[in-house]
Structure formats: C-alpha cells, structure tokens
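[1] Based on what follows, work out the 3D shape:
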Amino acid sequence: MATETTATLSNSVKTYYDRVLLVRNIAVNIHNQFGQVGRIAVRGGKTIEFRRYNSLTPATTALTEGVAPAGSNLSVTLVSATIEQLGDFVKMSDVLETQAVDEVGQEAAELLGEQSGETMDLKTRDVLAAGTTVQYAGGVAGRANVAIGNKLTSAEVKKAVRTLKRNKAKRINGFYVCLCHVDAAYDLMNDSEWIAVNQYNGGEAIYAGELGRIHGVRFVESTNAKVFAAAGSGGIDVYASLFLGANAYGIVSLAALGLEFIYKPRGSAGTSDPLNQVSTAGWKASHIAKILQDLFMCRVEHACTA
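    Modelled structure (predicted):
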C-alpha cells in the first residue's frame, strides 16, 4: 500500500489504519481489561459518572401473614471521573517515505498503536496502584520492610483471595484476576498447584497476557505492572500484584474514547513545511480510569526472584 500524498487519507485507508491502531493497542493495554465500562454522554462535558450499587442488608425478620414488609431502598453511589485527552505523533521525511523498503505508514500505525496501548495501560495502572487495601508479603509491616525472601507465594494468593471474599467482592467470569509483573509470574509458575493456560479445559476465553491460574485466581502478566524501585529492605525493588474482583474500577471502552489514527501528508502544514518535506502520523484518544470500590481489590506488595 503506497503512502498517501493527497490532502487526506481515503476512507478505506483511514479505516484500515484505525483498525491497525486498535489491534496493536489492545495487545498491550492489559490493565484496562477488567473495569466496569461506563458511557460518555453526548455533549456531556469532561466528566463521567459511574454507578456503585450498595449491598442490601439481609432480611432476617420473619414475614407476618397478610402484612407487607417495609422493604428496602436501592442505594446507589455515584462516582465521578474526569476525562483526559492523550496523544502523540511521529514525523516522516520525504526521503524516508520515498527510499524506505518497508511500508512507512504501516510501521507507523503499528508503533503508534503500541504506544497508545502502553500509554493507557500505564495511566490505568497508576490509578489502580493507589488503592488502599494492601497486603505485604510475609506479614511485614510495610513496603520498606519487604525483604528478598518475601515473594508472591501460594499462601499469599490464598490470603488475597480471603480478603476479597471477606469484602464480598464478586468474581469476574467465575474467577478473581491478578495483574502481575512477569517476574512475579515466574515465581508462581513453579508451584505444584499452578495450572498453565494451555491446560485449561473449560473452553473459556483467554485474556490478553493470561498465563494460568491458581486458587481461583487467573493471572495476567504485564511488563508494565507497578514496581516500586529500590523501595524495599536493602534497596530491593518491591512489586505490586493487583488482585481484582468485579466492578473494582471503572473505564470507558476504546470506541467511546475515540481512539483515532491521524495522518497529515506533506504539503498540508503551510508555511511550517515550506518545501513539503514532512508528513506526520499520530493518534489521539480520551482516557478515564477510576477506582469504584477499594474493597474489591487487594494490592500485594512483594519481592521477586532476581
């Protein structure tokens, strides 16, 4: 496919590059897979509201024949979040476009897709890593006390699951989910009870980055998982593995966020490009991530095998 040099991309080419951007975004956008999906109202401004339905008190009083009970009120807490816009672009010279052996537009779309996905992934990760339900491996007092031996073990997974159960966090498609670093996954995969993803026999859909499961938790790895550099005992890195139940946080779908590939051909910049030497390709999207219920997530801070 030749690089477009007209004022705008044709509709078919624009659709193709939008699709490339989206596919590469999803592949690395790990932390946005498990949020409650909210809607952006048309002309609704820069704020979105998520709904958190509060649990009902058990109805333990026996009914009286012929007498209607008082009933309960459905309680909804509205959690608002502010939309932010993200984006970037790359410049491509006329020399690069005319002399490159590969398809410059295709490569640009793929790289920009990965960049957009990682950008959104990191933004959401930082929101989730600020949760207040924390478990320190080995039962140590805090992050600064995490030592090299305090790894993410089978026992720590069980404790995190117990916390989510106590907090009445619902499962996601029958399981809790843990977002963890590749180093943390390495430690767990040696456990005898670990079930690798290629050993599943239930026919369930596999999440991007999913490795396997243990103790009712499906583990999804990411190189972008939160690491507190040199924050532990002796200056070791402390890793944050995020255990999640349903509706712990809110996001908005990529379609609603308007992820878009934007191409500006040579000659479209006017006096800023007087010799028609530079074209640009970029992406733009909105982003939202908001913790809806701290109790439905648990951050386990631990060390990893070097």
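
[2] can we go C-alpha only for contacts and neighbour counts from here?
    OK.

[3] What mean pLDDT does the lengthiest helix in the chain get?
    If each helix of the chain is counted by residues according to DSSP state H, the longest one is helix 104-128. Average pLDDT, helix 104-128: 90.

[4] wait, V37 sits on A246?
    No - in this structure V37 lies outside contact range of A246 using CA atoms under 8 Å: 11.1 Å.

[5] all helices for the chain, in order.
    11-28, 94-99, 104-128, 154-166, 182-188, 254-257.

[6] Report the mean confidence score over the last one.
    Mean pLDDT, helix 254-257: 65.

[7] The first one now?
    Averaging the model's pLDDT scores along helix 11-28 yields 72.

[8] And stretch 121-136, end to end?
    In stretch 121-136, first residue to last residue: 24 Å (CA to CA, to the nearest Å).

[9] which residues are in contact with that stretch?
    28-32, 142-143, 146, 160, 224-226, 240, 242, 249, 288-291, 294-295, 297-302 (CA atoms under 8 Å, 6 or more residues apart in numbering).

[10] buried stuff in that stretch?
    121-125, 128-129, 131, 133-136 (16 or more other CA atoms under 10 Å).

[11] TSV please, covering those residues and showing distance to T153.
    TSV is the format used below for the buried residues of stretch 121-136 (distance: CA to CA, whole Å):
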residue	distance to T153
D121	25
L122	25
K123	28
T124	25
R125	22
L128	22
A129	20
G131	21
T133	18
V134	16
Q135	13
Y136	12
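
[12] From these, pick the one nearest A169.
    A169 lies nearest to T133 out of these, by CA to CA, at 12.6 Å.

[13] The closest one and R52: what is the separation?
    Relative to R52, and taking CA to CA, T133 is found at 18 Å.

[14] For the nearest residue to I291 once chain neighbours are set aside, the count of nearby residues, please.
    With CA to CA, 6 or more residues apart in numbering as the criterion, I291 has its nearest non-adjacent residue at 4.1 Å, and that residue is Y249. Y249: 25 surrounding residues under other CA atoms under 10 Å.

[15] Next up, the contacts around Y249.
    34-36, 128, 289-293.

[16] so where's this structure uncertain?
    1-14, 17, 40-45, 95-102, 254-257 (pLDDT under 70).

[17] Need phi/psi at the nearest residue in space to G234 that is not next to it in sequence.
    Leaving aside its chain neighbours, G234 sits nearest to A147 (7.4 Å; criterion: CA to CA, 6+ apart). Backbone geometry at A147, expressed as degrees, to the nearest 10, gives phi -110, psi 170.

[18] Please tell me how far A147 sits from K91.
    46 Å.

[19] I figured the residue nearest to G234 hits I236, correct?
    Yes - A147 lies in contact with I236 (CA under 8 Å); the separation is 7.3 Å.

[20] Neighbour count: the two, which is higher?
    Neighbour comparison, A147 and I236: the larger count goes to A147, with 21 against 18 (by other CA under 10 Å).

[21] so how far is E301 from that one?
    11 Å.

[22] repeat for K159
    In terms of CA to CA, K159 sits 13 Å off from E301.

[23] between those two, which one's more packed in?
    E301 (26 against 16).

[24] Once you drop chain neighbours, what's closest to that one?
    A240 (4.6 Å).

[25] cool, and Q36?
    G250 (4.5 Å).

[26] what's the neighbour count on the one you found?
    A count of neighbours around G250, defined by other CA under 10 Å, yields 25.

[27] And the one 10 residues further on, by the same measure?
    E260 is flanked by 22 other residues according to other CA under 10 Å.

[28] for N198, same thing?
    N198 has 9 nearby residues by other CA under 10 Å.

[29] go on, V238?
    28.

[30] can you pull up the bridge partners for it?
    Per DSSP bridges, the residues bridged to V238 are F228.

[31] Identify the residues contacting it.
    143, 146, 227-232, 301-304.

[32] With T77 instead?
    If you count contacts by CA under 8 Å, 6+ apart, T77 has them with 51-54.

[33] where along the stretch 151-300 of the chain do the strands fall?
    176-180, 195-196, 210-214, 217-221, 227-228, 238-244, 249-252, 260-264, 278-287, 289-291, 297-302 (DSSP state E, counting those that start in this stretch).

[34] Adding distance to A59 as columns, could you present the ones you listed in TSV?
    Conversion of those to TSV gives the following (distance: least, CA to CA, whole Å):
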stretch	distance to A59
strand 176-180	28
strand 195-196	40
strand 210-214	35
strand 217-221	31
strand 227-228	44
strand 238-244	28
strand 249-252	29
strand 260-264	50
strand 278-287	41
strand 289-291	29
strand 297-302	27
